[in-house]
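> Model the structure of this input:
(one chain, ligands or ions: 3)
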Amino acid sequence: MTTLTTPDGVAVTGPVHDRYEQVLSPAALALVADLHRRFDRRRHELLAARFEQQQRLHAGGTLEFPAEAAQVRGGDWQVAPPAPGLVDRRVEITGPTDAKMTINALNSGAKVWLADFEDANTPLWENMVGGQLNLRDALTGTLSFTAPNGKRYELGEQQPTIVVRPRGWHLPEKHVTVDGERVSGSLFDFALYLVNCGRLQLDRGLGPYYYLPKMESHLEARLWNDVFTHAEATLGLDTGTIRATVLIETVPAAFCMPEILYELREHSAGLNAGRWDYLFSIIKKFRSRGADFLLPDRNAVTMTAPFMRAYTELLVSTCHRHGAHAIGGMAAFIPSRRDPAVNETALAKVRDDKTWEAGDGFDGSWVAHPDLVPVCREVFDGVLGAAPNQLGRTRDEVSVIPAQLLNVAATPGDKTLDGLRNAVGVGLRYLAAWLRGSGAVAIDNLMEDAATAEISRSQVWQWLHNDVTLAGGEKVTRALVEQIVTEQLERIRSGYGEAYDAAAFDAARELFVEVALADDFVDFLTLPAYERMP
Ligand SMILES: CC(=O)SCCNC(=O)CCNC(=O)[C@H](O)C(C)(C)COP(=O)(O)OP(=O)(O)OC[C@H]1O[C@@H](n2cnc3c(N)ncnc32)[C@H](O)[C@@H]1OP(=O)(O)O
Ligand SMILES: O=CC(=O)O
Ligand SMILES: [Mg+2]
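Ligands and ions are numbered 1, 2, ... in the order given. Next up, the predicted model:
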């Protein structure tokens with residue numbers, strides 16, 4: 001095993017496998033340490049502010065558009081013009097950063113690849129450092145891969161712009177400490193990519209670009225902006241070299257979209273509608289508020305629900321008023337190369353989803369699978385034509401008030417026993433996959449990742465703790481959920497056969513009970529899950 005040269009005060013406790021020193025370089029670790037010492041206290045204060053806001057919501061408070069920022073809302077300021085490689089974003093593919101997926105994503109024909117250290121990823125040390133190595137190898141043109149079946153993977157000529165999604169502010173990187181403290185996962189992922197790949201991207205005429213997840217306020221965006229400005233100065237980069245698209249995927253963030261764009265305006269590359277975490281956030285924030293915030297079965301909640309429409313309409317109009325891209329979200333239907341009927345359904349559902357996004361003014365959208373790139377491109381081609389985006393469509397007619405963003409009660413659909421079974425089954429299967437190191441999996445032809453799994457487990461929690469009676473008359477009790485857990489695991493066991501014992505389902509059960517049934521709601525399932533990882 002290689003040994004690392006680490007700056008003063010920095011300790012790396014994860015194993016140092018072959019070539020890790022290339023990305024865990026003294027320069028990269030020095031930036032991690034510098035950012036930690038300058039900014040980590042603020043990160044903790046902002047996480048504490050989230051907790052305080054949650055207490056106000058539990059006590060019956062609500063969310064409002066921030067009054068103190070009226071000049072930001074009324075102003076006619078614009079964010080920086082789109083950076084090279086981010087002008088035309090009509091189709092963006094997302095996915096993990098292992099070697100095969102990296103090559104497949106870069107060969108997919110999409111305009112952008114979101115290289116994901118977040119929802120689609122288990123933050124196993126090997127995934128984090130290995131992913132950074134794959135990004136660097138992709139940019140030096142040296143990445144290739146041979147699958148166990150002998151299939152060879154090489155990079156093609158035409159490649160999408162890479163945009164890296166670091167972990168959210170809540171997650172630590174436990175294998176690296178500075179002055180004895182765990183560093184932030186966000187700062188670790190950000191700094192490694194910037195130091196190792198920033199110059200390589202600039203040499204290609206592009207830049208170090210990021211997607212920023214799970215923020216809850218414009219003050220959190222200000223922290224990112226300060227990190228960017230400081231990192232640019234440290235590395236001798238022009239201000240505005242770093243660009244970031246912010247995911248609006250928490251309810252509090254939807255109340256301060258202009259303020260978030262304004263904070264990041266020199267570094268902004270727009271906003272994205274992260275619909276799955278948004279649903280999770282609605283449940284989490286208002287979980288103790290009874291019938292007004294109880295959603296029907298997860299699969300019954302669509303983007304046409306009034307509160308979801310209010311959110312996407314507001315996002316597009318906010319972005320275009322300030323010259324920022326509005327990027328659509330993920331339809332969870334996964335195509336199949338083996339089952340034509342499943343494939344046809346997935347393509348039709350994704351086409352519908354992208355059609356309303358393009359019609360509403362989004363400049364592009366996400367897909368989860370290479371076979372979905374053509375349909376998304378075709379739909380956006382139909383609306384954009386030769387134009388690279390529709391920033392000129394300002395949607396001035398849109399007017400959304402806070403009550404519309406919170407109108408969860410108007411969501412059509414039932415709460416059913418099948419919906420409860422599905423939530424438990426998906427939760428167990430996903431957690432087992434996550435603990436085995438895969439953060440994105442197809443379950444029943446749907447993409448499941450950390451965000452969709454959060455919805456499943458928090459919905460079970462919410463129904464249980466609000467004494468919900470299901471459409472068939474069954475009351476949601478702890479005994480009922482535990483019975484369903486047992487039934488679901490029996491079904492899974494019969495499908496897995498002998499492989500069951502090694503597939504982490506016992507650990508998944510324990511974790512699911514903790515995050516779905518415990519009286520104290522766990523803020524993010526990835527926090528206790530991460531502590532169970534090596
Ligand atoms: C809520 C959110 O944040 S959404 C964004 C985060 N989530 C994601 O990014 C999920 C991305 N998607 C995926 O990870 C995958 O599509 C899955 C896990 C859902 C399904 O993957 P698989 O079961 O491998 O699908 P399938 O067998 O049909 O794949 C066919 C090929 O496409 C590749 N592929 C599938 N999805 C992707 C992707 N997103 N990126 C690159 N390659 C992909 C597979 O590697 C496979 O390649 P191969 O033929 O060379 O072996
Ligand atoms: O990150 C995207 C989401 O939908 O969550
Ligand atoms: Mg998300």
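
> Next, count neighbours for the closest residue to ligand 1 within the stretch 151-300 of the chain.
The stretch 151-300 of the chain approaches ligand 1 most closely through Trp276 (3.9 Å), counting by C-beta to the nearest ligand atom. Glycine gets a C-beta too; all of them are placed from N, C-alpha and C. Trp276 has 22 neighbouring residues, counting by other C-beta atoms under 10 Å.

> these two touch, right, it and Ile455?
Yes: judged on C-beta atoms under 8 Å, Trp276 makes contact with Ile455 at a distance of 6.4 Å.

> circling back: quick check: which element contains the residue of the stretch 151-300 of the chain closest to ligand 1?
Here Trp276 sits within helix 275-285, counting by DSSP states H and E.

> Can you work out which other helices and strands pack against whichever strand or helix holds Ala508?
Ala508 belongs to helix 505-517 when assigned by DSSP H and E. Other helices and strands packing on helix 505-517, by 3 or more C-beta pairs under 8 Å, 6 or more residues apart in numbering; DSSP states H and E, are helix 417-436, helix 450-465, helix 478-496, helix 526-531.

> Please enumerate residues in contact with that helix?
Residues outside helix 505-517 that contact it (C-beta atoms under 8 Å, 6 or more residues apart in numbering): 424, 427-429, 431-432, 435, 457-458, 460-461, 464, 478, 481-482, 485, 489, 492-493, 496, 522, 525, 528-529, 532.

> for it, what is the average pLDDT?
Helix 505-517 shows a mean pLDDT of 98.

> Can you read off the backbone torsions of Glu92?
Glu92 adopts backbone torsions of phi -120, psi 130, taken as degrees, to the nearest 10.

> pretty sure it is touching Ala368, no?
No: assessed by C-beta under 8 Å, Glu92 is found out of contact with Ala368, at 10.4 Å.

> who's in contact with the residue lying closest to Ala69 once chain neighbours are set aside?
Leaving aside its sequence neighbours, Ala69 sits nearest to Glu259 (C-beta to C-beta, 6 or more residues apart in numbering; 5.0 Å). Glu259 makes contact with Pro66, Ala69, Val72, Arg73, His218, Ala221, according to C-beta under 8 Å, 6+ apart.

> Could you report the distance from Glu259 to Arg73?
Applying C-beta to C-beta, to the nearest Å, the value for Glu259 to Arg73 is 8 Å.

> Kindly report the residues of the stretch 151-300 of the chain close to ligand 2.
Leu247, Glu249, Gly274, Arg275, Trp276, Asp277 (C-beta under 6 Å from any ligand atom).

> again, only using 5 Å
Glu249, Gly274, Arg275, Trp276, Asp277 (C-beta under 5 Å from any ligand atom).

> Would you enumerate the residues in contact with the most centrally placed residue in the chain?
Taking C-alpha atoms, centre = their mean, the centroid of the chain lies closest to Asp119, which sits 4.4 Å from it. Neighbouring residues of Asp119 by C-beta under 8 Å, 6+ apart: Arg165, Pro213, Trp276, Asp277, Gly439, Ala440, Asp449, Ala450, Ala451.

> now could you export just the CA positions of the helix holding Ala508 as CSV?
C-alpha atoms of helix 505-517 as CSV (Å, rounded to 0.1, in the frame of the first residue of the first chain):
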residue,chain,number,x,y,z
PHE,A,505,-30.7,-7.7,4.2
ASP,A,506,-30.3,-8.2,8.0
ALA,A,507,-28.4,-4.9,8.2
ALA,A,508,-31.0,-3.3,5.9
ARG,A,509,-33.8,-4.4,8.2
GLU,A,510,-32.2,-3.0,11.3
LEU,A,511,-31.5,0.3,9.5
PHE,A,512,-35.0,0.5,8.0
VAL,A,513,-36.6,0.1,11.4
GLU,A,514,-34.3,2.9,12.7
VAL,A,515,-35.2,5.3,9.9
ALA,A,516,-38.8,4.5,9.4
LEU,A,517,-40.2,3.5,12.8
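
> before we move on, back to that, which element is the residue nearest to Ala69 on?
Per DSSP H and E: helix 257-263 holds Glu259.

> how does the protein divide up, domain by domain?
The chain breaks down into these domains under automatic domain parsing: 10-403, 414-531.

> can you tell which of those domains is closest to Thr3?
domain 10-403 (6.7 Å; C-beta to C-beta).

> quick check, the closest one touching ligand 3?
Yes: with C-beta under 5 Å from the ion as the criterion, ligand 3 is reached by domain 10-403 at Asp119, Glu249, Gly274, Asp277.

> Go ahead and confirm the second one touches Arg275.
Yes: under the criterion of C-beta under 8 Å, Glu249 is in contact with Arg275, at a separation of 7.5 Å.

> what's the angle from the helix holding Ala508 to helix 417-436?
Helix 505-517 and helix 417-436 are oriented at 130 degrees to each other (axes from the mean of the first three to the mean of the last three C-alpha atoms, to 10 degrees).

> in a helix, that's where the residue nearest to the centre of the chain is, yeah?
No: Asp119 is assigned coil when assessed by DSSP: H, G, I helix; E, B strand; the rest coil, not a helix.

> So for Ala33, what's the pLDDT?
For Ala33, the predicted pLDDT is 98.

> you'd agree it is up against Val12?
No: if you go by C-beta under 8 Å, Ala33 and Val12 don't touch, sitting 11.3 Å apart.

> so where's the chain uncertain?
1 (pLDDT under 70).

> got the phi/psi numbers for Ala341?
Taking degrees, to the nearest 10 as the convention, Ala341 sits at phi -70, psi -40.

> What count of nearby residues applies to it?
There are 9 residues near Ala341, going by other C-beta under 10 Å.
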